[in-house]
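> for reference, the sequence and a predicted model appear below.
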Amino acid sequence: MKYSCSLVCVKKHKTALSCNGIREKAAFVSINEFSELNLLSDYRFLEDVGRMTDGAARDVSLHRPTTNKFINYLKNRARKHNIHLKTLPIGFTKRRENSTTFNKKEQRFYWHLKLIFPHSHAEYTVKRVPEDKTLGEILKPYLDPEESDPVIRQRYVLKTISIKVNRCRHCEITQNICQYIKNHIHIFKNISLF
């Protein structure tokens, strides 16, 4: 702490020592320099900290639940099906768009899938896909030579010629979604939804 005679001296001191004029309350003070003023300062500092934590504990807005009952229900059902479900924070577009549900009567999930074909820059959304539907059945309207739209299929055929072999991932199309994820857990460590 520096004593000064006038405002001009205070301003010079602040510019010379890069001082902002506020004492650092948590600064180290050796035992030899410790006085009653330092003890009083430490005591007041601890009281301020206690007052701030008490105010935060009483703040109602901080204790508002961050998730709703539907998300908690979905997470619990996913856990019972051995699926580690992670949710995006409130306000994210993907969380708003997602319509994944769990049917209580049938005891199964209906997934909201976004099929992305990066090599052709195509993206399709499929809603209410039952968990026991196979990957082949899901991809049939897009890739099957007989049932798919020829214009859509041609887009993929032209682009797949240029894909490198080491970037392809081969799927067993007879597996349903849950089986595929369980068998390829190293690829799908966590499923991010909502």
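Great, that's in hand.

> and the helices in this structure, which stretches?
7-17, 36-58, 69-80, 93-97, 135-143, 150-160, 177-183 (DSSP state H).

> output those as JSON lines; include the columns distance to F28.
In short, each C-beta sits where N, CA and C put it, glycine included. Converted to JSON lines, those look like this (distance: least, C-beta to C-beta, whole Å):
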{"stretch": "helix 7-17", "distance to F28": "18"}
{"stretch": "helix 36-58", "distance to F28": "11"}
{"stretch": "helix 69-80", "distance to F28": "46"}
{"stretch": "helix 93-97", "distance to F28": "47"}
{"stretch": "helix 135-143", "distance to F28": "63"}
{"stretch": "helix 150-160", "distance to F28": "64"}
{"stretch": "helix 177-183", "distance to F28": "54"}
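
> how near is the residue of the chain most remote from its centre to T15?
Most distant residue from the mean C-alpha position of the chain: C5, 55.8 Å away (C-alpha atoms, centre = their mean). According to C-beta to C-beta, to the nearest Å, C5 and T15 sit 16 Å apart.

> looking at this protein, which helix or strand is least sure?
Across the helices and strands of the chain, mean confidence by mean pLDDT, DSSP states H and E is lowest for strand 191-193: a mean of 45.

> per-domain residue ranges of this protein.
Listed domain ranges for the chain are 7-62, 69-193 (source: automatic domain parsing).

> can you give me the buried ones in stretch 92-108?
For stretch 92-108, burial by neighbour count (16 or more other C-beta atoms under 10 Å) applies to 98, 100-102, 108.

> which of those fall in strands?
Within the buried residues of stretch 92-108, residues falling in strands by DSSP state E are 101-102, 108.

> save these as CSV, and put in distance to K86 too.
Below are these laid out as CSV (distance: C-beta to C-beta, whole Å):
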residue, distance to K86
T101, 17
F102, 16
R108, 20
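
> of all those, which comes closest to E123?
T101 (21.6 Å; C-beta to C-beta).

> tally of neighbours for E131?
19 (other C-beta atoms under 10 Å).

> residue contacts, the residue lying closest to it once chain neighbours are set aside?
Among residues not flanking E131 along the chain, F109 sits closest, at 4.5 Å (C-beta to C-beta, 6 or more residues apart in numbering). Residues near F109 by C-beta atoms under 8 Å, 6 or more residues apart in numbering: 77-78, 81, 100-103, 130-131.
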